[in-house]
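1. Provided below are the primary sequence and the corresponding predicted coordinates.
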Amino acid sequence: MAGLLGRLAAACGLCERSFFPSAAQRLYSTGLLRNLDERRRMIGKGVPNSFRIKEPPLPKEVDRWTKKRALFGVYDYIGILGDFRAHPKDLIVGPVWLRGWRGNELQRCIRKKKMVGDRMFADDYHNLNKRIRFLYRRLNRTGKHR
């Protein structure tokens, strides 16, 4: 067995046995040598002795009434049903500088700096300025918008 392992390890091109005496043992423990031996036997027999037939996964049971799914689209017709007094963007919860607004990261950082920059801590303000400089350089050097 040791002779076969040594020859197979050398044939695989791993390395000399003097440097790594346990390379063949590692191959055998991982199953590589056993798989090679089984493949060799399967080729000789003609018909493989076993197939791994995987069953299709069972369908997942989905809860259709989670809070997220139940309230999906609940504010879509608030203007029609509420005499157009409230706009859906007024119902958004989040930072003041992001309510009802869209844009990329640079535009968002600039907007944050304009709206709350005077109230920020010194370290946060410094990090925000660094991020703006980095994004400005990156957006002006690369991308379709150049």
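-> Sure, I can see it.
2. for the protein, longest helix please?
-> helix 122-141 (DSSP state H).
3. So what touches that helix?
-> Contacts to helix 122-141, defined as Cβ atoms under 8 Å, 6 or more residues apart in numbering, come from residues Asn104, Glu105, Leu106, Cys109, Ile110, Lys112, Lys113, Gly117, Met120, His145, Arg146. C-beta here means a position set from N, CA and C on the backbone, and glycine is covered the same way.
4. average pLDDT across it?
-> Here helix 122-141 scores 95 as its mean pLDDT.
5. buried sites along that helix?
-> Of all the residues in helix 122-141, those buried under the rule 16 or more other Cβ atoms under 10 Å are Leu128, Ile132, Leu135.
6. Check stretch 110-121 too.
-> Ile110, Arg111, Lys112, Lys113.
7. Name the helix or strand for the second one, please.
-> Taking DSSP states H and E as the definition, Arg111 sits inside helix 105-116.
8. Pipe the buried residues of helix 122-141 into CSV and attach distance to Pro59 per row.
-> As requested, the buried residues of helix 122-141 are exported to CSV (distance: Cβ to Cβ, whole Å):
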residue, distance to Pro59
Leu128, 47
Ile132, 48
Leu135, 44
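9. List just the nearest of those to Arg64.
-> Using Cβ to Cβ, Leu135 is the member of the buried residues of helix 122-141 that sits closest to Arg64, with 40.9 Å.
10. For Val74, give its distance to Lys68.
-> Val74 sits 11 Å away from Lys68, going by Cβ to Cβ, to the nearest Å.
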